[in-house]
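> The sequence isn't on hand, but the structure is:
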C-alpha cells in the first residue's frame, strides 16, 4: 500500500455500510472516493435499528443529528413466539436506537460521508474490477449520463454493493445461500396501528404463526411497517390462490388474530412489497487490498433486525483496520485477519440464535440459556445452573452490543470463541436425533479465525479510530 494514488480508498456503494466506512475513513484524514449507482433518496427495507448502530454512528459523528431528525426512538420490543411471550427492554440497559425510514436515513448517512470529506458521486454503477496478483487495481464504472470510465490508483477497495455483490458474486464466486433460511418476506404500511401490551417505547413487535412470523415496526407519522416472513416453498404454494400480492398480504394479516387486533383502528396505506432469497454468506470477507462490508459479504434474516447492525459493525471494523494500516500501526495482513475474525464472529453468533428460533424446539428458556452461552455469560449449555434464565443476554446479543463489547475486549473474544463452538456442538448432539431439520452450523464455524494474531488486536475509537495491539493475550479459561 505505497506509491502515489488519487485516493487512498475507493468505496463502491452508498448504503449504511459504504457511507459509514467512507465517513469514518475521511474523518481519519484518508482520501476517500465513493460511487453509488442509485440517486438518493431511494426506498429500502430494514427499518428497525439496534443500539449498536447508535454506538457506531456516534463514533462517526452523526448520532445527534439522527436524534433530532424525527425518527421514532426504539427502546426494545415484544416477542410472542409459539406459546411464549417476552420483552427486551434496552431502556433498562441505558441504551436505545431508532425506527427509521430508510430513504431518509440512508440519505443522511451519505450526506454525512460527503460532509466528512469523502468524494461522493451518485448515479454511477461499478461494472467490473481489474486485479493484479489478486489485488484490485481498477474499477470500470458506467454513469447514468455519460461514457464508461475507469477509477484506478486507489490503495484499498471497500465493496459495499449489497446483494449485487460486485466482488463476491461477479468476480470471486464465493457467496453461497444459507439452505436452512430459504425464506421470503411480504410487507406493507399502515397508519394508526397499535402495539402489544407493555411493549417498550417505540419497540418492535414480533409475533409467530404456524407458517412463519410477523413484524410490526412503528415509524414516524403514526405509520407502521407490517410484514410476514415464511418459507419460500410455502409462499409459492399459497400465492397461487390469490390474484395479487396485495390480496395475499391482506389474507395473511387476517389469519393472525393477534396482528389483526393491533389493526382494528388502522388505515391500510400500501403498497405491498416482496423480497426473497436474502440469506447468504461469502466464504471470505476480505483479501489483499479489499474488504466486503454489510450485505456485500452476508445477510442473515430480518428476524432479529441484524442487517443494519452487521452493515455498520463491519464498516467500523473495516475503517479501523484500513486507518491503522494507513498510519503504519499494523500490517495489512493483521488488519484483514482481525476484520475477518470480528465480522464472522458477529454473523455466526446471530446465525446460531436465529436458526434456533426458527427450529422452535428450545422454548423461551432455551433461547435464553443459549444466549447466555453465546454472550459468554455462562460456561456452557450444561453448566449445572438450574436457575430460570433471564432475557439479559438475549437482549444484549440482539442489541448488537455483544459484538462491540468483544471487538474492544480480547479476553471476552478468547472466552466466547470456545463457548460458541461448545454451545453449537451441544445442540447438534442433543437435537439431531429428535429433529431431522436441525441446522448444520459447521459451515459458519469454519475459518472464523484465520490467524491467532487477530485476537491480539482490538477496536478503538478514541483518540483515533483504529486497531490497538494487545501486548498480552489472556489465556483461554479452563473447560
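Arrived safely, thanks for sending. Model, not experiment: these values are computed from the prediction.
> hey, let's count contacts and neighbours off CA atoms from now on
OK.
> just checking, residue 340 touches residue 282?
No. Using C-alpha atoms under 8 Å as the test, residue 340 is too far from residue 282 to be in contact (11.0 Å).
> show me where the stretch 301-450 of the chain has helices.
For the stretch 301-450 of the chain, the helices defined by DSSP state H, counting those that start in this stretch occupy 307-326, 332-359, 363-374, 392-399, 401-407, 410-431, 442-445.
> What residues sit buried inside the longest one?
The one in question is helix 332-359. 332-358 (16 or more other C-alpha atoms under 10 Å).
> could you check the angle helix 363-374 makes with it?
For helix 332-359 against helix 363-374, the angle by axes from the mean of the first three to the mean of the last three C-alpha atoms, to 10 degrees is 170 degrees.
> Helix 332-359: how far from the chain's middle?
Here the centre of helix 332-359 is set off from its chain's centre by 10 Å, with C-alpha atoms, centre = their mean, to the nearest Å.
> quick one: the helices in the stretch 1-150 of the chain?
Assigned helices in the stretch 1-150 of the chain, in chain order: 16-27, 51-59, 63-69, 102-115 (criterion: DSSP H, counting those that start in this stretch).
> tell me which helix or strand of this protein sits lowest on mean pLDDT?
Here the helix or strand of the chain ranked lowest by mean pLDDT, DSSP states H and E is helix 442-445, holding a mean of 43.
> which residues touch residue 25?
Going by C-alpha atoms under 8 Å, 6 or more residues apart in numbering, residue 25 touches 31, 32, 319, 320, 322, 323.
> neighbour-wise, which of the residues you listed leads?
residue 322 (33 neighbours; other C-alpha atoms under 10 Å).
> does it really touch residue 335, like I thought?
Yes. Counting by C-alpha under 8 Å, residue 335 is a contact partner of residue 322 at 7.1 Å.
> for the stretch 251-400 of the chain, what are the low-confidence residue spans?
Across the stretch 251-400 of the chain, the ranges flagged by pLDDT under 70 are 277, 360-362, 377-388.
> let's go with 80 and repeat that
Applying pLDDT under 80 to the stretch 251-400 of the chain flags the ranges 277-278, 359-363, 366, 373-374, 376-390.
> name the helices or strands packed onto whichever helix or strand comes after the least confident helix or strand of the chain?
Remark: after helix 442-445, the chain's next helix or strand is strand 457-460, criterion DSSP states H and E. Packing partners of strand 457-460 (3 or more C-alpha pairs under 8 Å, 6 or more residues apart in numbering; DSSP states H and E): helix 307-326, strand 466-469.
> For the ones you listed, please prepare JSON lines with the additional fields distance to residue 134.
What follows is these, written out as JSON lines (distance: least, C-alpha to C-alpha, whole Å):
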{"stretch": "helix 307-326", "distance to residue 134": "18"}
{"stretch": "strand 466-469", "distance to residue 134": "25"}
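> winner for burial among the ones you listed?
Sort these by mean neighbour count, taking mean count of other C-alpha atoms under 10 Å, and helix 307-326 sits at the top with a mean of 27.
> who does that one touch, helix- and strand-wise?
If contacts are counted by 3+ C-alpha pairs under 8 Å, 6+ apart, helix 307-326 sits against helix 16-27, helix 51-59, helix 332-359, strand 457-460, strand 466-469.
> could I get the ones you listed as a markdown table with distance to residue 219?
Below are the helices and strands packed on helix 307-326 laid out as a markdown table (distance: least, C-alpha to C-alpha, whole Å):
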| stretch | distance to residue 219 |
| --- | --- |
| helix 16-27 | 19 |
| helix 51-59 | 17 |
| helix 332-359 | 24 |
| strand 457-460 | 33 |
| strand 466-469 | 35 |
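> of these, which approaches residue 139 most closely?
Smallest distance to residue 139 across the helices and strands packed on helix 307-326 (C-alpha to C-alpha): 16.0 Å, for helix 16-27.
> give me every residue that touches the closest residue to residue 178 other than its chain neighbours.
Excluding the flanking residues, the one nearest residue 178 by C-alpha to C-alpha, 6 or more residues apart in numbering is residue 280, at 4.9 Å. Residue 280 is in contact with 175, 176, 177, 178, 298, 299, 300, counting by C-alpha under 8 Å, 6+ apart.
> The fourth one: neighbour count?
Going back to what we said before, that points to residue 178. Neighbour tally, residue 178, other C-alpha under 10 Å: 19.
> go on, the fifth one?
By other C-alpha under 10 Å, the residues close to residue 298 number 31.
> Please apply the same query to the last one.
By other C-alpha under 10 Å, 24 other residues sit near residue 300.
> How about the third one?
Other residues within reach of residue 177, judged by other C-alpha under 10 Å, total 16.
> before we move on, what about the second one?
Under the neighbour criterion other C-alpha under 10 Å, residue 176 is assigned a count of 14.
> tell me the SS of it?
Under DSSP: H, G, I helix; E, B strand; the rest coil, residue 176 falls in the strand class.
> For residue 163, see how far away it is.
Between residue 176 and residue 163 the computed distance is 12 Å (C-alpha to C-alpha, to the nearest Å).
> Check the fifth one too.
Note on residue 298: its distance to residue 163, by C-alpha to C-alpha, is 8 Å.
> One more: residue 276?
Look at residue 276 and residue 163: by C-alpha to C-alpha, they are 11 Å apart.
> cool, and residue 180?
19 Å.
> Same question for residue 332.
According to C-alpha to C-alpha, residue 332 stands 26 Å off from residue 163.
> cool, residue 208 as well?
Distance, residue 208 to residue 163, by C-alpha to C-alpha: 27 Å.
> For these two, work out which one has more neighbours and name it.
residue 208 (21 against 18).
> and the helix or strand hosting the more buried one with helix 332-359, angle?
Counting by DSSP H and E, the element that carries residue 208 is strand 204-209. Strand 204-209 runs at 50 degrees relative to helix 332-359, counting by the same axes, to 10 degrees.
> what residues does strand 204-209 touch?
Under the contact criterion C-alpha under 8 Å, 6+ apart, strand 204-209 has outside partners 48, 74, 76-82, 195-196, 199, 213-218, 256, 258-259.
> show me what contacts residue 262?
Counting by C-alpha under 8 Å, 6+ apart, residue 262 has contacts 193, 194, 195, 196.
> Now it, what are its backbone angles?
phi -80, psi -10 (degrees, to the nearest 10).
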